[in-house]
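1. Sequence below, structure please.
(one chain, ligands or ions: 1)
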Amino acid sequence: MTLIKICGLTTPDTLDAALDGEADFVGAVVFPKSPRHIAPADAAVLFERARGRAKIVAVTVNPDDGLLDEIARTLKPDFIQLHGAETPARAETVRALTGAGVIKALPIRHGDDFAAADEWDYHADHLMFDAKPPEGSALPGGVGHSFDWTLLADRVFRHPWFLAGGLNPDNVSEALRITGAPMVDVSSGVESAPGVKDAGRIAAFIEAVRRS
Ligand SMILES: O=C(O)c1ccccc1NCC(=O)[C@H](O)[C@H](O)COP(=O)(O)O
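-> Numbers count the residues shown, from 1 in each chain. You can find the predicted model right below:
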């Protein structure tokens with residue numbers, strides 16, 4: 001069964017839509033430049049209803065030790081998602097500081113971009129292959145762009161991995177058919193406007209994955 005992560009949740013009703021649909025991972029984006037940003041203390045209150053029902057993921061970009069400590073003490077996530085220019089050595093520090101697992105997002109545009117996966121596969125619990133954002137983008141993720149899914153054909157990784165970038169209820173079946181991804185992640189494809197999640201689209205996305 002394909003595992004599902006719904007990312008960038010900020011409200012009880014949309015978090016409930018993900019939990020009612022039995023999403024496997026729910027994500028809180030802790031990055032002030034994002035329209036989906038939620039402060040760790042607020043995320044801790046909101047995501048408490050998810051504990052034990054879905055894995056809680058704190059999505060971060062080059063987090064410093066202070067932020068990691070705050071996230072670990074308040075939100076207590078199951079995973080820290082690293083969506084910046086972190087190194088494998090930094091990931092080991094993140095793991096030791098927080099006690100959480102590590103998801104590492106790798107930006108993909110061309111086949112060469114998979115080279116980083118060889119080393120990262122030994123330091124992350126899950127890799128996430130996400131579309132490289134357009135030049136000048138303020139955000140490294142959550143931009144609704146996809147990459148050429150055929151680039152993933154015949155690639156093998158040590159752990160189950162996420163396909164991300166531009167997925168939505170209408171294209172996720174095709175993405176799964178081409179890539180055989182064991183896990184999928186979505187954010188803007190289940191929104192009605194940037195940062196505004198839509199409970200109906202979350203349910204439709206989960207349904208489309210389950211049908212595939
Ligand atoms: O979603 C954000 O605003 C964000 C900001 C900074 C770093 C990462 C971010 N999102 C990470 C995710 O896991 C997204 O779900 C992933 O990039 C896919 O996004 P989308 O193409 O919008 O489905």
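
2. all contacts plus neighbour counts: C-alpha atoms, from now on.
-> Fine.

3. biggest strand in this structure by residues?
-> strand 101-108 (DSSP state E).

4. and residue 170, that's in a helix?
-> No: counting by DSSP: H, G, I helix; E, B strand; the rest coil, residue 170 is not found in a helix; it is coil.

5. what's in contact with the longest strand of the chain?
-> 78-84, 91, 94-95, 113-114, 116-117, 120, 123-133, 147 (C-alpha atoms under 8 Å, 6 or more residues apart in numbering).

6. and the helix or strand following it, how far from the chain's centre?
-> Next along the chain after strand 101-108, taking DSSP states H and E as the criterion, comes helix 115-120. Taking C-alpha atoms, centre = their mean, to the nearest Å, one finds helix 115-120 lying 18 Å from the centre of the chain it belongs to.

7. Give the other helices and strands that helix 115-120 contacts.
-> For helix 115-120, the elements it packs on are strand 101-108, judged by 3 or more C-alpha pairs under 8 Å, 6 or more residues apart in numbering; DSSP states H and E.

8. Just the CA trace of the strand it packs on, in CSV.
-> This file holds the C-alpha atoms of strand 101-108, laid out as CSV (Å, rounded to 0.1, in the frame of the first residue of the first chain):
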residue,chain,number,x,y,z
GLY,A,101,13.9,10.2,12.4
VAL,A,102,15.1,12.1,9.4
ILE,A,103,13.5,12.6,6.0
LYS,A,104,15.8,14.3,3.5
ALA,A,105,14.3,16.1,0.5
LEU,A,106,16.5,16.1,-2.6
PRO,A,107,15.7,18.6,-5.4
ILE,A,108,15.4,17.0,-8.8
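
9. neighbours around residue 194, how many?
-> For residue 194, the count of nearby residues is 16 (other C-alpha atoms under 10 Å).

10. quick one: contacts of the helix or strand bottoming out on mean pLDDT in the chain?
-> For the chain, using mean pLDDT, DSSP states H and E, the weakest element among its helices and strands is helix 115-120, scoring a mean of 94. Helix 115-120 has contacts (C-alpha under 8 Å, 6+ apart) with 88, 104, 106, 127.

11. now do stretch 155-167
-> Under the contact criterion C-alpha under 8 Å, 6+ apart, stretch 155-167 has outside partners 121-122, 125-131, 141-147, 175, 181-186, 188-189.

12. Who's the closest spatial neighbour of residue 177, skipping the chain neighbours?
-> residue 212 (8.0 Å; C-alpha to C-alpha, 6 or more residues apart in numbering).

13. circling back: which of the contacts of strand 101-108 come close to the ligand?
-> When C-alpha under 6 Å from any ligand atom is applied, the members of the contacts of strand 101-108 adjacent to the ligand are 83, 130.

14. Now which of the contacts of strand 101-108 would you call buried?
-> For those, a burial check counting by 16 or more other C-alpha atoms under 10 Å picks out 78-84, 91, 94-95, 114, 117, 120, 123-133, 147.

15. correct me, but residue 79 touches residue 68?
-> No: the pair residue 79 / residue 68 is not scored as a contact, 11.4 Å apart, by C-alpha atoms under 8 Å.

16. give the contact list for residue 68.
-> Counting by C-alpha under 8 Å, 6+ apart, residue 68 makes contact with 94, 97-98.
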